[in-house]
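*Asks:* Sequence plus the predicted model coming up.
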Amino acid sequence: MAMEYVYAALLLHKVGQKIDEDNIKNVIKAAGVEPDEVKIKALVSALAEVNIDEALKSTPLVAAPSTQPAEARPAEAKPKEEKKEKEEEEKKGEEEALAGLSALFG
């Protein structure tokens, strides 16, 4: 299914309009795309039994992305395994640095 048809359905849902073939066709035309009747029928049929609000809540891809760069996010946002690995790497680095210093002065 081409994404523009899904976007059209989401837009109609957002503004409180009925998701039907005519409305989707109008949105697609307004976007400057020639509507495909088969795709529109398939989408309307597929969405007939779907609670879009519930589907949006359970879909993590719909969540708004964070505006903070990855390195600026709090440490709690990282998975525990990644945090442990990083701590182990830091510990190894400190040990290697200390070993290097002792070799210089040993």
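*Replies:* Received it, and whenever you're ready, just let me know what you need.

*Asks:* Need the CA coordinates for the one helix or strand Y5 maps to. CSV is fine.
*Replies:* Y5 belongs to helix 3-14 when assigned by DSSP states H and E. Below are the C-alpha coordinates for helix 3-14, written out as CSV (Å, rounded to 0.1, in the frame of the first residue of the first chain):
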residue,chain,number,x,y,z
MET,A,3,2.0,5.6,2.0
GLU,A,4,0.1,8.5,0.5
TYR,A,5,-3.1,6.6,0.9
VAL,A,6,-2.4,5.8,4.5
TYR,A,7,-1.4,9.4,5.1
ALA,A,8,-4.7,10.5,3.5
ALA,A,9,-6.7,8.2,5.9
LEU,A,10,-4.7,9.5,8.9
LEU,A,11,-5.3,13.1,7.8
LEU,A,12,-9.1,12.5,7.5
HIS,A,13,-9.1,10.8,10.9
LYS,A,14,-7.2,13.7,12.5
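
*Asks:* Tell me the spacing between the residue lying closest to I52 once chain neighbours are set aside and E87.
*Replies:* Once its chain neighbours are removed from consideration, I52 has its nearest residue in H13; the separation is 4.9 Å (Cβ to Cβ, 6 or more residues apart in numbering). C-beta here means a position set from N, CA and C on the backbone, and glycine is covered the same way. As for H13, its distance to E87 is 45 Å (criterion: Cβ to Cβ, to the nearest Å).

*Asks:* who has more neighbours, those two?
*Replies:* Between H13 and E87, counted using other Cβ atoms under 10 Å, H13 has the larger neighbour count: 16 against 10.

*Asks:* just checking, that one touches I24?
*Replies:* No. With contacts defined as Cβ atoms under 8 Å, H13 does not count as touching I24, sitting 10.9 Å away.
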